[in-house]
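Asker: structure, please.
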Amino acid sequence: MDAEKQGSLGHSIMPVKVAIVGCGARGSIYSSFAMHSDQMEIVALAEPLKIRRERVRTRHNIPISSCYTSWEDLLDAPKVADAVVICVADCLHRDVAVGFSDRGYHILLEKPMATDLESCKDVYAAAKRNNVLLAVCHVLRYTAYNRKIKEIVDSRALGDIVGIQHMEPVGHFHFAHSYVRGNWRKESESSSSLLAKSCHDIDIMMYFMGDKCERVSSFGGISHFKKEKKPDAAGGSTRCTSCTYEPQCPYSAKKIYLEPAMEGYKEWPVDVITDVVDIENITDALLSGPYGRCVYECDNDVCDNQVVNIEFKDSRYATFSMVAFTKDICTRKTRIFGTRGELVGDDKNAIEVYDFLSRKSVFHDPDPVPAELPGHGGGDLGIIKCFVEAIAFNNPDLLPSNSKSSFASHVVVFAAEEARRCGNVVNIGDFCKKNGIEF
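Answerer: Next up, the predicted model:
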């Protein structure tokens, strides 16, 4: 690779050359690291939509000859980079990741690894076969907040960890946007909401526990976003723009997209429904596109409310709850129970550690969220920075996650979904044998 190990960490002579595959929201965010660091250079990209392609191309001054309209064209071109950042639709993850692994590119892959178990096995096997670095974007491992929790756990300030309670409040309008009207609403087009939204929550619990899962159970379903829950006053309306009940509906598309835009707001989720963010195009999107549909008249089939129970060896347990109906948006709540103390965190305030012996609490302040890439509590910056440094210094240990740990947590997600559908408790060892899984 071009980067050389010179000086202290973060000061390599040559930047790591990176190609961006998919220039939507996630690809644009990860590529922007190159604007804040001389460690990474964007040298090529692949994106079918011209407006997105041009936006990233001009930002990084990439020659038109290095910009492709499909990932296949970039794959077939002479190898131009050390690594690729893959931010395409979930259903394409397997083919894109395997293809670029086979060409010898290191891979940063947006979660999930793939949308089904066999495809995840293929991605994992391709990385091992080609001896390339594979980092799945389990961004929770890379936030200063969760790194501080891991530091506390590893210090044994809590003693032996015997239990974890973890909750992801997805947010009422976030869920309506992404999982009722949006790209992740149908399992056949994406995956379960547990995999698409919360696979990194399962991953972070396993990271904190520091051990393999032995058994898993799960319960979940659609609690609200279905036709039988539609208010009578909404009548036969199928779009918010023509619904008389709309002013009373908390999930109104006009409230989520149009009204914020009228006040000058142009960020997520408004910028998702149209590439040209103005009142005219937003209105057109609500009149004719998927994001203007009534939440009770959509074709969604993923859980809006789910719990997962995980058993580790020595009678240790973790419970996870993913719920749509919250004020907070993805601000996780975590409690960790140890034999010498208890930890309580809410993803934004100081982390409280209560010591059973002294009967006193100590509060730990994580490092502040970085201003340059604040997404996911700094996890976006954390993972792209660690990924680039791991390549530059040929040191995979600079990544808190690796292909094996990411694959292992995905396996638990698939086992949890089997448990939910079948109404039983799934033994992970048996699940792996049945599905031919080896780590």
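Asker: number of nearby residues for the closest residue to Leu75 other than its chain neighbours?
Answerer: Spatial nearest neighbour of Leu75, excluding adjacent residues (C-beta to C-beta, 6 or more residues apart in numbering): Gly99 at 5.0 Å. Just so you know, the C-beta spots here come from the backbone N, C-alpha and C atoms, and that holds for glycine as well. When counting by other C-beta atoms under 10 Å, one arrives at 20 neighbours for Gly99.
Asker: for the host helix or strand of Gly99, which positions count as buried?
Answerer: Gly99 belongs to helix 93-102 when assigned by DSSP states H and E. Neighbour-count burial for helix 93-102, counted by 16 or more other C-beta atoms under 10 Å, picks out 93-101.
Asker: and those residues as JSON lines, adding distance to Tyr142 and pLDDT?
Answerer: Shown next, in JSON lines, are the buried residues of helix 93-102 (distance: C-beta to C-beta, whole Å; pLDDT from 0 to 100):
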{"residue": "His93", "distance to Tyr142": "19", "pLDDT": "98"}
{"residue": "Arg94", "distance to Tyr142": "24", "pLDDT": "98"}
{"residue": "Asp95", "distance to Tyr142": "26", "pLDDT": "98"}
{"residue": "Val96", "distance to Tyr142": "22", "pLDDT": "98"}
{"residue": "Ala97", "distance to Tyr142": "19", "pLDDT": "98"}
{"residue": "Val98", "distance to Tyr142": "24", "pLDDT": "98"}
{"residue": "Gly99", "distance to Tyr142": "26", "pLDDT": "98"}
{"residue": "Phe100", "distance to Tyr142": "22", "pLDDT": "98"}
{"residue": "Ser101", "distance to Tyr142": "22", "pLDDT": "98"}
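Asker: CA atoms only: put whichever helix in the chain runs longest into PDB for me.
Answerer: Ranked by number of residues, the top helix in the chain under DSSP state H is helix 403-422. C-alpha atoms of helix 403-422 as PDB (Å, rounded to 0.1, in the frame of the first residue of the first chain):
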ATOM      1  CA  SER A 403     -14.500  -9.200  10.700                       C
ATOM      2  CA  LYS A 404     -14.700 -12.000  13.200                       C
ATOM      3  CA  SER A 405     -16.400 -10.000  16.000                       C
ATOM      4  CA  SER A 406     -18.800  -8.300  13.500                       C
ATOM      5  CA  PHE A 407     -19.700 -11.700  11.900                       C
ATOM      6  CA  ALA A 408     -20.300 -13.100  15.400                       C
ATOM      7  CA  SER A 409     -22.700 -10.400  16.400                       C
ATOM      8  CA  HIS A 410     -24.600 -10.700  13.100                       C
ATOM      9  CA  VAL A 411     -25.000 -14.400  13.800                       C
ATOM     10  CA  VAL A 412     -26.600 -13.600  17.100                       C
ATOM     11  CA  VAL A 413     -29.000 -11.200  15.300                       C
ATOM     12  CA  PHE A 414     -30.000 -14.000  12.800                       C
ATOM     13  CA  ALA A 415     -30.500 -16.400  15.700                       C
ATOM     14  CA  ALA A 416     -32.600 -13.900  17.600                       C
ATOM     15  CA  GLU A 417     -34.800 -13.500  14.500                       C
ATOM     16  CA  GLU A 418     -35.200 -17.300  14.300                       C
ATOM     17  CA  ALA A 419     -36.200 -17.400  17.900                       C
ATOM     18  CA  ARG A 420     -38.700 -14.600  17.400                       C
ATOM     19  CA  ARG A 421     -40.400 -16.200  14.400                       C
ATOM     20  CA  CYS A 422     -40.400 -19.700  15.900                       C
END
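Asker: adjacent strands (with direction) for the next helix or strand after that helix?
Answerer: Next along the chain after helix 403-422, taking DSSP H and E as the criterion, comes strand 426-427. As defined by DSSP bridges, the strand partners of strand 426-427 come to strand 213-221 (antiparallel).
Asker: now for whatever helix or strand comes next after the strand it pairs with, which elements pack on it?
Answerer: The element immediately downstream of strand 213-221 (helix or strand, assigned by DSSP H and E) is helix 253. On a contact count with 3 or more C-beta pairs under 8 Å, 6 or more residues apart in numbering; DSSP states H and E, helix 253 meets no helix or strand.
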